[in-house]
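Trainee: Next input, structure requested:
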Amino acid sequence: MRLWIFLFMWALLSIPITPPQILIFTSDANSIEYTAVEAGTARANFTWRAVNIPSGYRMQMHALVGEQWMLIGSGFAPEKSDSLVIAHPLAFRNPLYRLSVVDRRGTIVTDELLEIPYATTSTRPTIEAFNTPVESGVPAAVLREGIAHIPVEWALRGRASYHQPIFEQMLPGLTMPIVAELPRAERWLPQSGQGTLRLVHTGGDTTALRMRTVNVHSHETYDERVIQLSIKQDVLQPGASALREVTNQTPIHMTHLTLNNVRAIYTRGQVRGNNPNMFTYVGDSNLANGSVMCNFGRANYDLGSYQQYTTLLGRFNHAFCHHSHAAGAGFDTTMVRDSLWATATECKPGETPLSCEIRAGKPAFAFVYIGVQDLEHISWYADMTFERYRVNLTRIVRELTEHGVVPILSTFPTNESFHGDGAATLVNNIIRETAALELVPLIDLRATTLDYPNNGTDPDGYHMSTPPDGATRFNGNEAIYARTLYELAALQILDDMQTLLVGH
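Mentor: Predicted coordinates for the structure are as follows:
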């Protein structure tokens with residue numbers, strides 16, 4: 001009985017005699033420029049005064065961002081002036097703030113709202129840029145499968161809070177476009193940015209992307225731009241052996257769009273718990289069972305003039321000789337995604353070699369070198385085509401990126417004794433185009449080793465050429481043997497990833 005009396009008296013004493021009040025909540029900004037808010041440079045002085053705040057109660061401030069109240073700060077003094085950066089509402093409305101007093105349980109006792117209007121403008125927004133790195137056309141195979149994602153970047157000028165970029169796919173012969181919006185959490189889009197648009201199969205030889213800038217209230221269109229894209233058929237033409245291959249000075253290809261996409265993939269993987277110091281292999285015997293890069297794990301190497309990679313070798317030491325479930329002798333793009341080939345005891349029922357490796361290894365990166373066996377199987381099996389290879393490779397890349405694993409694709413060298421009819425050229429072009437479409441890094445080994453002895457292959461015509469002693473030495477071997485060049489490129493790209501993602 002005494003306990004109940006004590007609790008009752010304590011509750012009575014906890015109730016303030018005079019309830020808390022917020023007397024003042026103002027800002028010195030009568031209006032603010034929208035462009036400054038979106039750029040994150042707009043500031044305003046906030047002033048508030050509250051009275052009758054009991055001990056244990058606290059003051060806090062939120063900004064409405066999207067559809068959620070985002071906490072700006074807590075434990076403020078009852079009376080204060082402070083300069084704050086204006087939070088973008090990520091919506092077509094003015095910035096809105098809420099100052100509140102909460103009790104010991106976090107329940108709001110009283111609050112006040114403050115809206116800061118944008119300065120009025122009569123400027124009409126214009127499109128400064130709308131482009132895509134996809135120049136060779138959209139592959140018909142991925143369009144038919146419904147997995148065609150086209151990277152784009154855009155920039156507006158003179159944009160107000162109620163202006164919005166809209167993306168559409170224009171179909172031949174039809175006046176009404178199809179909305180091709182970017183995947184995102186909010187309806188609002190920034191005035192400059194990048195992303196991928198999902199396209200539908202048109203059935204024709206061309207399609208087009210249109211960007212419009214509109215007024216979200218009146219639906220008036222202020223400006224528009226159109227990108228025309230051809231639809232590319234994966235058909236090996238007669239005389240394909242004469243197809244010209246692009247030659248490059250460096251095997252590594254990463255655009256600024258690719259770098260931004262890599263950062264997003266890596267961040268997704270870290271949230272999932274991927275190991276930042278782990279990479280894996282996806283491919284055939286060129287990568288399987290320590291075929292490549294394992295010399296770094298066995299200390300069977302000489303860095304030569306590349307001593308800057310010493311720290312990197314220590315960081316990834318346990319990954320170089322890793323036996324990946326997704327890399328095996330004879331593997332093609334179908335087998336990597338077929339549970340029949342996930343035979344290791346670590347793999348769960350129903351898992352594919354790729355899904356098993358992603359779950360068990362939790363890598364941050366994956367070296368993908370696959371296509372040699374697909375090339376063979378295209379010749380042997382009717383159901384394996386160039387189109388199917390493209391779709392399979394795209395799905396491998398998508399599965400990796402969805403799980404936060406950064407794919408690092410590679411083309412592969414062959415000589416004339418192995419499919420010298422031009423088929424290898426076509427498959428390697430598919431790899432290049434997939435890397436460009438999916439915005440992932442590429443090691444263009446084939447283009448860089450065209451002038452190597454035997455086109456950069458061993459006598460069989462499809463394995464990467466290897467020094468006679470098997471060691472990895474950057475003493476000029478990287479200019480003669482494809483495997484040594486690949487290993488150097490792998491270190492360079494891992495080092496680039498560390499600088500981009502970790503900062504060292």
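
Trainee: any idea how far the residue nearest to Thr466 when sequence neighbours are not counted lies from Leu90?
Mentor: Distance criterion CB to CB, 6 or more residues apart in numbering; nearest residue to Thr466, sequence neighbours excluded, is Arg483 at 4.8 Å. Any C-beta I mention is one placed from the backbone N, CA and C, and that applies to glycine too. Arg483 sits 49 Å away from Leu90, going by CB to CB, to the nearest Å.

Trainee: same check, this time on Gly297
Mentor: 46 Å.

Trainee: and those two? which has more neighbours close in?
Mentor: Leu90 (20 against 17; other CB atoms under 10 Å).

Trainee: which SS class is the more buried one?
Mentor: When classified by DSSP: H, G, I helix; E, B strand; the rest coil, Leu90 comes out as coil.

Trainee: who's in contact with it?
Mentor: Residues counted as contacts of Leu90 (CB atoms under 8 Å, 6 or more residues apart in numbering) are 65-66, 186, 188.

Trainee: swap in Ala50?
Mentor: Applying CB under 8 Å, 6+ apart, the residues near Ala50 are 20-23, 59, 78-79, 99, 101.

Trainee: Including secondary structure and neighbour count, could these go into TSV?
Mentor: Below are these laid out as TSV (DSSP: H, G, I helix; E, B strand; the rest coil; neighbours: other CB atoms under 10 Å):
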residue	secondary structure	neighbour count
Pro20	coil	19
Gln21	strand	14
Ile22	strand	19
Leu23	strand	11
Met59	strand	22
Pro78	coil	17
Glu79	strand	14
Leu99	strand	21
Val101	strand	24
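
Trainee: Pick the one among those residues closest to Thr120.
Mentor: If you rank the contacts of Ala50 by distance to Thr120 using CB to CB, Leu99 comes first, at 26.4 Å.

Trainee: Please look at the closest one and Asp111 and confirm they touch.
Mentor: Yes - look at Leu99 against Asp111 with CB atoms under 8 Å: they come within range, at 6.4 Å.

Trainee: Pull up the overlap in contacts between the two.
Mentor: Joint contacts of Leu99 and Asp111 (CB under 8 Å, 6+ apart) are Ile22.

Trainee: my guess is His403 meets Gly269, correct?
Mentor: Yes - counting by CB under 8 Å, His403 touches Gly269, with 6.8 Å between them.

Trainee: Looking at the two, which has the bigger crowd around it?
Mentor: Just comparing His403 and Gly269: by other CB under 10 Å the higher neighbour count belongs to Gly269, 25 against 19.

Trainee: Please identify the helix or strand for that one.
Mentor: helix 256-272 (DSSP states H and E).

Trainee: Check what pLDDT Gly422 gets.
Mentor: In the predicted model, Gly422 carries a pLDDT score of 84.

Trainee: Let me know the distance separating it from Asn131.
Mentor: 31 Å.

Trainee: after the longest strand along the chain, next one along is what?
Mentor: Ranked by residue count and defined by DSSP state E, the top strand of the chain is strand 221-232. Next helix or strand after strand 221-232 toward the C-terminus (DSSP H and E): strand 252-253.

Trainee: So which elements touch that following strand?
Mentor: strand 442-443, helix 482-497 (3 or more CB pairs under 8 Å, 6 or more residues apart in numbering; DSSP states H and E).

Trainee: and the spatially most central residue of the chain, what does it touch?
Mentor: Geometric centre of the chain, nearest residue: Asn261, 3.0 Å, by CA atoms, centre = their mean. Shown in contact with Asn261 (CB under 8 Å, 6+ apart): 151, 439-440.

Trainee: Also Asp332?
Mentor: Asp332 touches 284, 370-371, 373-374, 376-377, 384, 392, counting by CB under 8 Å, 6+ apart.

Trainee: Pick the one among the residues you listed closest to Arg225.
Mentor: Among the contacts of Asp332, and counting by CB to CB, the member closest to Arg225 is Asn392, at 34.0 Å.

Trainee: Burial check on the closest one, number of neighbours?
Mentor: If we define neighbours as other CB under 10 Å, then Asn392 has 22 of them.

Trainee: same check, this time on Tyr381
Mentor: Other residues near Tyr381 come to 11 when the count uses other CB under 10 Å.

Trainee: Quick check: the gap between it and Tyr389.
Mentor: The spacing between Tyr381 and Tyr389, counted by CB to CB, is 12 Å.

Trainee: what does Thr449 give?
Mentor: From Thr449 to Tyr389 the distance is 21 Å (CB to CB).

Trainee: likewise Gln308?
Mentor: For Gln308, the distance to Tyr389 - CB to CB - is 37 Å.

Trainee: Please apply the same query to Leu354.
Mentor: From Leu354 across to Tyr389, the span is 16 Å (CB to CB).

Trainee: again with Arg272
Mentor: 28 Å.

Trainee: Ok, Gly75 next?
Mentor: For Gly75, the distance to Tyr389 - CB to CB - is 59 Å.

Trainee: out of these two, which sits in the busier spot?
Mentor: With neighbours defined as other CB under 10 Å, Gly75 and Tyr389 compare such that Tyr389 has more, 26 against 7.

Trainee: The more buried one contacts Gln373, correct?
Mentor: No - counting by CB under 8 Å, Tyr389 stays clear of Gln373, with 10.2 Å between them.

Trainee: So, low pLDDT: which residues of the chain?
Mentor: Counting by pLDDT under 70, the low-confidence segments of the chain come to 1-17, 173-174, 234-250, 503-504.

Trainee: Give me the distance between the two termini of stretch 45-57.
Mentor: Stretch 45-57 has an end-to-end distance of 24 Å (CA to CA, to the nearest Å).

Trainee: May I see the buried residues of it?
Mentor: For stretch 45-57, burial by neighbour count (16 or more other CB atoms under 10 Å) applies to 46, 48, 50, 53-54, 57.

Trainee: Dump these into a markdown table; add distance to Arg144 as well.
Mentor: A markdown table is the format used below for the buried residues of stretch 45-57 (distance: CB to CB, whole Å):
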| residue | distance to Arg144 |
| --- | --- |
| Phe46 | 56 |
| Trp48 | 60 |
| Ala50 | 63 |
| Ile53 | 65 |
| Pro54 | 67 |
| Tyr57 | 63 |
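
Trainee: Make a markdown table from those and add secondary structure to it.
Mentor: Converted to a markdown table, the buried residues of stretch 45-57 look like this (three-state DSSP):
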| residue | secondary structure |
| --- | --- |
| Phe46 | strand |
| Trp48 | strand |
| Ala50 | strand |
| Ile53 | coil |
| Pro54 | coil |
| Tyr57 | coil |
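
Trainee: Grab the two from those that are most spread out in space.
Mentor: Phe46 and Pro54 (23.2 Å).

Trainee: Can you dump the C-alpha atoms of stretch 208-217 in PDB for me?
Mentor: Extracted in PDB, the C-alpha atoms of stretch 208-217 (Å, rounded to 0.1, in the frame of the first residue of the first chain):
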ATOM      1  CA  ALA A 208      14.200   7.100 -77.900                       C
ATOM      2  CA  LEU A 209      14.500   8.600 -74.400                       C
ATOM      3  CA  ARG A 210      13.000  11.900 -73.700                       C
ATOM      4  CA  MET A 211      13.600  14.200 -70.800                       C
ATOM      5  CA  ARG A 212      11.100  17.000 -70.000                       C
ATOM      6  CA  THR A 213      11.200  19.700 -67.300                       C
ATOM      7  CA  VAL A 214       7.600  20.300 -66.000                       C
ATOM      8  CA  ASN A 215       5.700  22.300 -63.500                       C
ATOM      9  CA  VAL A 216       4.300  19.700 -61.100                       C
ATOM     10  CA  HIS A 217       1.200  21.900 -60.400                       C
END
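
Trainee: burial of Thr345, as a residue count?
Mentor: Considering only other CB under 10 Å, Thr345 is surrounded by 4 other residues.
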